[in-house]
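**Student:** Coordinates for the following, if possible.
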Amino acid sequence: MTNAYDDGSETAAPLAPDTVAAPGGAILGVAGTAPTPSQHAQHAPPRPRPLPDTSRRVLVMGIVNRTTDSFFDEGRTFALEKAVEAGRAAAAAGADLVDVGGVKFAPGEALPVAEEIERVVPVVAALRAELPADVLLSVDTFHAEVAREAIAVGADLINDTTGLSDPRMCEVVARTGASLVITHSLAAPRQPYPHPQYDDVVEEVRDFLAARLERALEAGVPRDRIVLDPGPDLNKNTLQTLEILREWREYTGMGLPVLAALSRKDVIGETLGLPKEERLEGSLAAAAWVIARGARILRVHDVAESVRLVRMLEVLAGWREPAGPLVHNV
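**Tutor:** Model (predicted):
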């Protein structure tokens, strides 16, 4: 048995197109018009691209929500072309990954899988056709069927925020060669989890991630295709999330890239007493804190500001040369 606690890699150092693909590979115009004959041409499905080496680099993942009820953008990118534009803008602002989601994490009515596919797959297909090859695509989903359809049109990474709630997820990721984010959360998908209680939240989150990592490895997902996410705020209150942030090295010490999803979350708002519109500075401060403790992927709403933060920290760490020009006192 592969040991989920084995450190298989060095622990991180502190510190719109005219057409889009529909589910199943069919081609539709952006407005849902009938395809032209040229659009029926068959192409080999794109293969998932591996994550870049993060031993001396921090990746920025830009969020694109194709939902009507996301807590921050509140449906502003629900329309297909708006979602594709948001992905383009994230890449232009320096995002290394674009994370496309069709269902928010918070409790609510279930969305039919077919409808989630219809929301997500056309955006992924359009962005894979247009964005530079070094901008990877992630899909925020907990359904294996959605993951499979998204990978078929170009997704590289599946960002499962429900701790592998779908038992088929690992099999799909392993078979297709995609990468996988394993996140700590305890509730069933989209179900409330009031008054979360932990005896030792830091240790319990680590043990949960280790167990799910073991599951993924046993299913055949390569270790170098796995990312961990302690799940700040997910089924945790603010005080519990702050404990996790203070002990972030417990997760980076597991020898895998760790994703930090902190952007404008309630832990920022309740810590500073601010509404979501005023949480940028707090989000950047929290990002800098976890990067110094080994976080290597930031999932963010504010891509340009986050990229500048990351670039400055990379230069300070000696991982990157200054952009210049270097004219001061020369």
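**Student:** how about the strands in the stretch 51-200 of the chain?
**Tutor:** Per DSSP state E, counting those that start in this stretch, the stretch 51-200 of the chain carries strands over the ranges 59-65, 97-101, 136-140, 157-160, 179-183.
**Student:** Nearest to Ser283, out of those?
**Tutor:** In terms of C-beta to C-beta, the element of the strands of the stretch 51-200 of the chain nearest to Ser283 is strand 59-65, at 11.9 Å. In this view, the C-beta of every residue, glycine as well, is placed from N, C-alpha and C.
**Student:** Show me what that closest one is packed against.
**Tutor:** When contacts are defined as 3 or more C-beta pairs under 8 Å, 6 or more residues apart in numbering; DSSP states H and E, strand 59-65 sits against helix 80-92, strand 97-101, strand 297-300, helix 303-316.
**Student:** can you rerun that using 10 Å?
**Tutor:** In terms of contact count using 3 or more C-beta pairs under 10 Å, 6 or more residues apart in numbering; DSSP states H and E, strand 59-65 is assigned the packing partners helix 80-92, strand 97-101, helix 113-130, strand 136-140, strand 259-260, strand 297-300, helix 303-316.
**Student:** Starting from it, tell me which strands it pairs with and how they run.
**Tutor:** Take DSSP bridges as the rule and strand 59-65 pairs in its sheet with strand 97-101 (parallel), strand 297-300 (parallel).
**Student:** Switch those strands over to JSON lines; also include mean pLDDT and mean neighbour count.
**Tutor:** Written out in JSON lines, the entries for the strands paired with strand 59-65 read as follows (pLDDT from 0 to 100; neighbours: other C-beta atoms under 10 Å):
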{"stretch": "strand 97-101", "mean pLDDT": "98", "mean neighbour count": "26"}
{"stretch": "strand 297-300", "mean pLDDT": "98", "mean neighbour count": "28"}
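**Student:** and of those strands, who's closest to Leu59?
**Tutor:** With C-beta to C-beta as the yardstick, what comes closest out of these is strand 297-300 (4.6 Å).
**Student:** ok so, going back, could I get the strands paired with strand 59-65 as a markdown table with distance to Gln191?
**Tutor:** Below are these laid out as a markdown table (distance: least, C-beta to C-beta, whole Å):
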| stretch | distance to Gln191 |
| --- | --- |
| strand 97-101 | 18 |
| strand 297-300 | 22 |
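**Student:** of these, which approaches Gln197 most closely?
**Tutor:** Closest to Gln197 of the strands paired with strand 59-65 is strand 297-300 (C-beta to C-beta; 26.3 Å).
**Student:** Thanks again, I'm all set now.
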